[in-house]
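Enquirer: got a structure for you, letters missing:
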């Protein structure tokens, strides 16, 4: 198992733990790329809040587009296709001081389990 912490200014404090490592020739997604992931969201103390896997509907988004929480964008940019990681996301890179009521309280740290399924398109 491998741990890494985001060292750049954006995403500092996001903790990424590799659960399944892969070797991929596709590289890591960059800002502007469109990706597809499975993502399970849990509270830090354990309860599952949301799961694309349970819904059987992967999440597709543009990296850097602002459509998902910043902690997910930070993690995906450090992943390879097929890799599975667990990401601990402090509230400032999750749902902030407002939370996502009623499931996620204000200033809550969340834990994501993320699998990068595909880089659909690369930004030129």
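Expert: In hand now; what should we look at? These numbers were taken from a predicted model, which means no experiment stands behind them.
Enquirer: hang on, residue 86 packs against residue 113?
Expert: Yes: judged on C-beta atoms under 8 Å, residue 86 makes contact with residue 113 at a distance of 5.4 Å. For glycine as for every other residue, the C-beta is placed from the backbone atoms N, C-alpha and C.
Enquirer: what's the overlap in contacts for those two?
Expert: residue 19 (C-beta atoms under 8 Å, 6 or more residues apart in numbering).
Enquirer: Okay, buried residues for the helix or strand where residue 112 lies please.
Expert: Assigned by DSSP states H and E, residue 112 belongs to strand 110-121. Neighbour-count burial for strand 110-121, counted by 16 or more other C-beta atoms under 10 Å, picks out 110, 111, 112, 113, 114, 115, 116, 117, 119.
Enquirer: What ranges does the protein have for its strands?
Expert: Counting by DSSP state E, one finds strands in the chain at the ranges 2-5, 15-20, 34-43, 48-51, 59-62, 84-89, 110-121.
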